[in-house]
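Asks: Sharing a sequence plus its predicted fold:
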Amino acid sequence: MKLLKNFWMMAVVLFSLTLFVSSCDDDDDSVPSNEVGFNDIALTGEAEVQPNPVITDGEGELDAVYNLDTRMITYNITWELGNADDKTTGMHFHGPASLTESASVVIPIQLTSDSYTGSVSGQTRALTQVEEDQLLNGLWYLNIHSTTYPAGELRGQLD
C-alpha cells in the first residue's frame, strides 16, 4: 500500500513538473504582438519612381519596428551613395504611395552628417490613425536624397 501511495505522489509531482516546464515557453526570438517589423528593406536606385531613371551603385538597408501601442517607428538605416564625391541631402518617410508612385514627405529623418555613407537610428513621432493605416497597408517608403539625385537616389517600400 505504501508503495502504491509513493507511486501516485511521484506521478503527481512529475505531471506538475511537466506542466510547469511546458508553460515556460522561451519566445525571446518572437516579435511581440504589439509590434510590426519591417526588416531588411533594400534601398536601391531601381526602386526610385521618377521621369528619369536613377542609375547608381548606391545601396542601403532599413530595419524598422512599428509599435501599435505607441504608434512610433523605431528605425536603423545604413546607406552608401553611388558616388563618394556626393552628399546625402535628405532622408524621409514618404506616403501614401504604391511601388510605382511618388508621394510627399510624411516624416523627415534628422541627419547628423551629409556624408555619402553612414547610418542613422531613431524613432519617429507618433503616427495618426490615417498614417498608421497607410503604413500597415504598404503605402509608405523611405527615400534618401543626394546632390546628384535631389528627387531621390535610394528608395525602399515598407511592405
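Replies: Right, received. Where do you want to start? Numbering: from 1, shown residues only.
Asks: residues in contact with the spatially most central residue of the chain?
Replies: What sits nearest the mean C-alpha location of the chain, by C-alpha atoms, centre = their mean, is A64, with 2.0 Å. A64 makes contacts with 37-39, 41, 73-76, 158, as judged by C-beta atoms under 8 Å, 6 or more residues apart in numbering. Any C-beta I mention is one placed from the backbone N, CA and C, and that applies to glycine too.
Asks: Can you list phi and psi of it for me?
Replies: phi -150, psi 160 (degrees, to the nearest 10).
Asks: Kindly report the same for the one 3 residues further on.
Replies: For N67, the backbone dihedrals (degrees, to the nearest 10) come out as phi -100, psi 120.
Asks: Check the burial of it by counting its neighbours.
Replies: 16 (other C-beta atoms under 10 Å).
Asks: Alpha carbons of stretch 135-143, as PDB, please.
Replies: The C-alpha trace of stretch 135-143 is given here as PDB (Å, rounded to 0.1, in the frame of the first residue of the first chain):
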ATOM      1  CA  LEU A 135       1.900  52.200 -43.300                       C
ATOM      2  CA  LEU A 136       0.300  48.900 -42.400                       C
ATOM      3  CA  ASN A 137      -1.100  48.700 -46.000                       C
ATOM      4  CA  GLY A 138       2.400  49.000 -47.600                       C
ATOM      5  CA  LEU A 139       1.900  52.600 -48.800                       C
ATOM      6  CA  TRP A 140       5.000  54.200 -47.200                       C
ATOM      7  CA  TYR A 141       8.600  54.200 -48.400                       C
ATOM      8  CA  LEU A 142      11.900  55.500 -47.200                       C
ATOM      9  CA  ASN A 143      13.800  57.800 -49.600                       C
END
